[in-house]
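[1] Pasting a predicted model and its sequence here:
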Amino acid sequence: MSEYTLGELKSGGLMKQKEKDLFSLRLRIVGGFVNACQLVKLSEIADKYGKGHIHLTTRQGVEIPNINIKDVENIKKELGEAGLQMGACGQRVRTVTACQGKECSHGLIDCFSLAEEIDREYFGIGGHPHKFKIGITGCPNGCIKPQENDLGIMGKLRKKFIKENCNFCGLCASVCPVGAIEVNKKPDDIVFNEGKCIGCGDCVHSCPTNAWQKRQEGYSVFVGGKMGKFPKLGIKAFDFIETKKKVLEIIKNTLEFYKKFGEKGERFGDTLDRVGVEKYKKAVI
């Protein structure tokens with residue numbers, strides 16, 4: 001087949017098919033972002049080396065099935081000319097997924113730039129007990145499902161209320177998904193239950209008089225999620241991290257914690273169950 005083992009091929013983004021010498025070639029697609037020229041090149045490669053079709057994965061990835069092992073080096077060269085690279089499988093950090101972030105009307109953080117930064121630093125790094133997946137979502141709508149990742153990041157907003165700007169129309173209360181805002185028109189007053197607020201920013205986005213304003217954008221961090229045969233949702237380890245720098249430090253320390261305490265073949269959530277979430281939180285902050 002080649003001078004490489006199946007494990008080595010898999011770690012480099014080649015997944016064996018049932019057919020002899022055929023593989024599905026996985027690409028390194030950060031945050032689901034591919035430009036139009038790259039799509040043209042992928043189409044050409046699928047026609048030239050595969051069977052003319054491409055598979056879009058559940059984690060924003062792109063795979064080209066039915067690739068013969070003998071063509072891989074030529075494909076790598078053509079991918080490189082288009083600014084594309086092969087992906088990763090196995091016991092290593094996988095490609096980061098991300099929603100559109102601030103390009104969406106609900107987005108609170110720049111998801112793609114954060115995904116790029118994380119990918120540059122950690123993509124494909126091995127030495128962990130199992131795979132490690134990271135997902136970034138721009139707001140509490142959670143379209144990228146951060147709770148299903150080993151580490152999930154979610155944009156969150158802290159806000160402030162400027163009473164003199166308010167006309168007490170009640171729109172903020174009507175759009176709040178958790179009933180954290182009450183409007184009393186007589187006397188004119190707003191009651192805000194900050195403990196119930198989930199930081200989605202819907203009241204800020206919808207306020208017609210700019211009475212609700214952004215105070216600070218931040219990040220919630222979830223850990224320990226996974227799907228597969230034994231799915232479980234991750235827990236919110238950190239409700240509000242103020243800066244991107246701190247988020248990146250948490251990722252770095254989390255991966256070090258996983259290497260130190262994780263057992264072979266154990267997903268990160270199982271490590272947390274065994275070692276303890278509080279021990280993890282103290283170690284990374």
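    Nice, thanks for sending it over.
[2] Span of stretch 24-40 from start to end?
    Criterion Cα to Cα, to the nearest Å; first-to-last residue distance in stretch 24-40 is 19 Å.
[3] Ok, stretch 81-95 next?
    Length of stretch 81-95, first residue to last, Cα to Cα: 20 Å.
[4] same question, stretch 54-67
    End to end - Cα to Cα - stretch 54-67 spans 11 Å.
[5] cool, stretch 231-248 as well?
    26 Å.
[6] any idea which helix or strand comes after the helix or strand harbouring Ile251?
    Secondary structure assignment for Ile251, by DSSP states H and E: helix 244-261. Where DSSP H and E defines the elements, the next helix or strand beyond helix 244-261 is helix 268-275.
[7] which residues are in contact with that next one?
    Contacts to helix 268-275, defined as Cβ atoms under 8 Å, 6 or more residues apart in numbering, come from residues 129-130, 132, 150-151, 223-226, 232, 234-235, 254, 258, 261-263, 266, 280. For every residue, glycine as well, the C-beta is placed using N, CA and C.
[8] same thing but at 7 Å, please
    Residues outside helix 268-275 that contact it (Cβ atoms under 7 Å, 6 or more residues apart in numbering): 132, 150, 223-226, 232, 234, 258, 261-262, 280.
[9] what do you get for stretch 253-264?
    Contacts of stretch 253-264 (Cβ under 7 Å, 6+ apart): 122, 127-129, 132, 151, 223, 268, 271, 275, 280, 283-284.
[10] Identify each buried residue in that stretch, please.
    For stretch 253-264, a neighbour-count test (16 or more other Cβ atoms under 10 Å) marks 254-255, 257-258, 261-262 as buried.
[11] Repeat that for stretch 115-129.
    Neighbour-count burial for stretch 115-129, counted by 16+ other Cβ under 10 Å, picks out 115-119, 122-124, 128-129.
[12] among these, which are in helices?
    Residues of these located in helices (DSSP state H): 115-119, 122.
[13] Just send those residues back as a markdown table, with distance to Cys203 and pLDDT too.
    Formatted as a markdown table, those follow (distance: Cβ to Cβ, whole Å; pLDDT from 0 to 100):
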| residue | distance to Cys203 | pLDDT |
| --- | --- | --- |
| Ala115 | 28 | 98 |
| Glu116 | 31 | 97 |
| Glu117 | 30 | 97 |
| Ile118 | 30 | 98 |
| Asp119 | 33 | 96 |
| Tyr122 | 35 | 96 |
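[14] Which of the residues you listed sits closest to Leu22?
    Proximity of those to Leu22 (Cβ to Cβ) peaks at Asp119, which lies at 28.1 Å.
[15] What residues does the closest one make contact with?
    30, 95-96.
[16] Strands along this protein, start to end?
    Ranges of strands in the chain, per DSSP state E, are 14-16, 22-26, 55-56, 62-68, 97-98, 134-137, 151-161, 181-184, 189-192, 212-223, 235-241.
[17] could you redo those strands as TSV and give each row distance to Cys104?
    As requested, those are exported to TSV (distance: least, Cβ to Cβ, whole Å):
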stretch	distance to Cys104
strand 14-16	32
strand 22-26	26
strand 55-56	20
strand 62-68	22
strand 97-98	11
strand 134-137	10
strand 151-161	10
strand 181-184	23
strand 189-192	25
strand 212-223	14
strand 235-241	21
